[in-house]
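> Need coordinates for the below:
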Amino acid sequence: MNNNNPPRPGSARSEAEELLSAQAEWDLPPSRHLHYKDVLMQHIDHDRTPSTQARPIPRRRLARGVVLLPLASMALAGALIVTLSTSDDTSAPTPRAVGANSASATLNRIAVAAMATDATPVEDGQFVYVESLGRSNEGTLDGPVRLGALNKREVWTSQDPGPITNTGWLRESGKGAVMPGQLIPIESSDPVPAGIDHPTYKWLASLPTDPDALLELLYAQTRVDEGESKEEAVFSEIGHLVSETIMPSANASALYKAAAKIPGVQEIPDAVDAAGRHGIAVTREDASSATRDEWIFDKGTLAFLGSRSYITKDEGKGITSDTLFATSAIMERTVVDQQGKAPAKTDR
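Numbers count the residues shown, from 1 in each chain. This next block holds a predicted model:
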């Protein structure tokens with residue numbers, strides 16, 4: 001960000017830069033930055049109102065599966081809209097009350113399906129390209145959750161083993177974007193090596209395929225946000241890994257088997273992703289953070305479709321129990337040789 005022209009005190013840009021400067025103090029990995037996009041956009045929105053009262057920064061973390069965003073890109077990103085016929089259903093489905101056995105069985109079926117799926121190996125100089133659709137909270141700090149328009153996002157994740165500060169690139173386009181169609185770097189304040197905060201294909205391929213050993217590693221390496229349980233942090237981390245990366249089939253299978261061992265997982269017979277596609281879902285409610293995350297899978301192929309996240313506790317100000325605050329749909333995931341270049345479209 002260019003600091004040659006100091007912003008006016010109290011301006012939206014000033015508040016944005018204050019949040020950006022706090023990045024070093026928070027020392028968050030790139031996969032945890034989505035929450036602060038929501039916070040920053042709310043600050044900018046609030047700054048446009050007559051009130052000058054300082055507002056506390058909420059700690060609620062949005063689902064990491066929706067999109068990876070750097071703090072440096074937050075002030076540049078806005079609500080996006082694309083032309084697509086989708087369901088507007090934001091009602092919360094009820095998890096099947098049959099204990100963990102059904103969800104574990106479903107996750108193990110998904111693991112078997114993942115094992116039968118071939119993944120294209122990704123080289124160090126290449127990028128994992130993910131195109132997704134999503135809606136997230138654009139409500140103000142003082143008001144209820146308000147889902148924004150459907151967003152289109154393209155992310156190119158670098159496979160450079162690092163350590164590197166630029167771990168990828170992001171492009172958003174459509175109505176409401178501050179810089180529509182422009183390529184924005186995904187950056188970290190400190191160099192990040194290949195690992196849980198920069199999951200390259202080769203790092204993922206190096207993980208244990210024994211579910212117990214893998215779960216032990218994830219519990220050891222996953223950071224926990226304030227107000228979040230360790231189980232939820234690991235469940236959320238697995239959700240990010242299976243949605244935003246490409247990995248060998250044995251490693252994908254092991255991640256689903258590891259997720260089946262996390263306490264509290266349940267099954268939802270029918271759930272809808274951001275693109276309006278119906279599927280079967282696995283969910284976990286976290287009492288500590290008052291949130292519930294869903295992973296949605298195709299009922300036939302059991303391929304990962306997208307995710308949904310809910311607030312499960314009435315917090316006042318118009319926020320009621322089981323309020324949807326983020327939803328996503330993975331539309332394409334492939335390997336490309338250059339950032340900013342989308343793969344040729346095929347009939348899907």
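> Now stretch 260-272 - C-alpha only, CSV.
Extracted in CSV, the C-alpha atoms of stretch 260-272 (Å, rounded to 0.1, in the frame of the first residue of the first chain):
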residue,chain,number,x,y,z
ALA,A,260,-14.5,-38.8,10.8
LYS,A,261,-12.6,-39.2,14.1
ILE,A,262,-13.3,-35.6,15.3
PRO,A,263,-16.0,-35.5,18.0
GLY,A,264,-19.3,-33.8,17.1
VAL,A,265,-19.5,-34.4,13.4
GLN,A,266,-23.1,-35.0,12.1
GLU,A,267,-24.8,-35.6,8.8
ILE,A,268,-27.3,-33.5,6.9
PRO,A,269,-29.3,-35.4,4.2
ASP,A,270,-29.8,-32.4,2.0
ALA,A,271,-27.9,-29.1,1.8
VAL,A,272,-27.5,-26.5,-0.9
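> Can you list the buried residues in it?
Using 16 or more other CB atoms under 10 Å as the test for burial, stretch 260-272 gives A260, I262, G264, V265, Q266, E267, I268, A271, V272. All C-beta atoms are positioned from the backbone trio N, CA, C, and that covers glycine.
> Could you confirm S253 falls within a helix?
Yes - assignment of S253 by DSSP: H, G, I helix; E, B strand; the rest coil places it within a helix.
> Let me know the pLDDT of it.
pLDDT, S253: 98.
> just checking, it touches N108?
No - contact between S253 and N108 fails when scored by CB atoms under 8 Å: they sit 9.3 Å apart.
> Which one's more surrounded, the two?
S253 (22 against 16; other CB atoms under 10 Å).
> what residues are up against that one?
A111, V112, A114, M115, T209 (CB atoms under 8 Å, 6 or more residues apart in numbering).
> Go ahead and confirm the last one touches A250.
Pointing back at T209 there. Yes - applying CB under 8 Å as the test, T209 and A250 come out as touching, 4.8 Å apart.
> Looking at those two, which is more packed in?
T209 (18 against 14).
> isn't there a helix covering M331?
No - counting by three-state DSSP, M331 is not found in a helix; it is strand.
> give me the number of residues near it?
20.
> where does it land on pLDDT?
pLDDT recorded at M331 is 96.
> Which residue is the nearest non-sequential neighbour of it?
Residue nearest to M331 in three dimensions, not counting chain neighbours: E131, with 4.7 Å by CB to CB, 6 or more residues apart in numbering.
> Which helix or strand contains the one you found?
For E131, the host element (DSSP states H and E) is strand 127-136.
> Kindly calculate the angle that the next helix or strand after that strand makes with strand 127-136.
Going down the chain from strand 127-136, the next helix or strand is strand 151-158, by DSSP H and E. Per axes from the mean of the first three to the mean of the last three CA atoms, to 10 degrees, the angle that strand 151-158 makes with strand 127-136 is 150 degrees.
> Leaving out the residues flanking it, which one is nearest to E123?
Leaving aside its sequence neighbours, E123 sits nearest to Q159 (CB to CB, 6+ apart; 6.6 Å).
> what's that neighbour in contact with, if anything?
Contacts of Q159 were listed using CB under 8 Å, 6+ apart, and they are V122, E123, D124, G125, Q126, F127, V128, T200, Y201, K202.
> Show me which pair in those is furthest apart.
Using CB to CB, the contacts of Q159 reach their maximum pairwise distance at F127 and K202, which is 13.7 Å.
> So these two - more neighbours on which side?
Between F127 and K202, counting by other CB under 10 Å, F127 is the more crowded of the two (23 against 16).
> Grab the nearest non-local neighbour of the more buried one.
Leaving aside its sequence neighbours, F127 sits nearest to W156 (CB to CB, 6+ apart; 4.2 Å).
> Please produce TSV containing the contacts of S253, extended by distance to V335 and pLDDT.
Shown next, in TSV, are those (distance: CB to CB, whole Å; pLDDT from 0 to 100):
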residue	distance to V335	pLDDT
A111	23	97
V112	24	97
A114	18	97
M115	20	95
T209	22	98
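> By neighbour count, which of these wins?
That'd be A114 among the contacts of S253, by other CB under 10 Å, with 24 neighbours.
> separation between it and L241?
To L241, A114 is 12 Å away according to CB to CB, to the nearest Å.
> Could you do D210 as well?
For D210, the distance to L241 - CB to CB - is 16 Å.
> Settle it for me: which of the two has more neighbours?
It is L241, of D210 and L241, that has more neighbours when counted by other CB under 10 Å, with 22 against 12.
> host element of the more buried one?
Taking DSSP H and E as the definition, one finds L241 inside helix 230-244.
> can you give me the helices for the stretch 51-200 of the chain?
Ranges of helices within the stretch 51-200 of the chain are 71-74, 100-115, based on DSSP state H, counting those that start in this stretch.
> Pick the most deeply packed of these.
With neighbours defined by mean count of other CB atoms under 10 Å, none of these is more surrounded on average than helix 71-74, at a mean of 22.
> Against P199, how distant is the residue nearest to E123?
Counting by CB to CB, the gap from Q159 to P199 is 10 Å.
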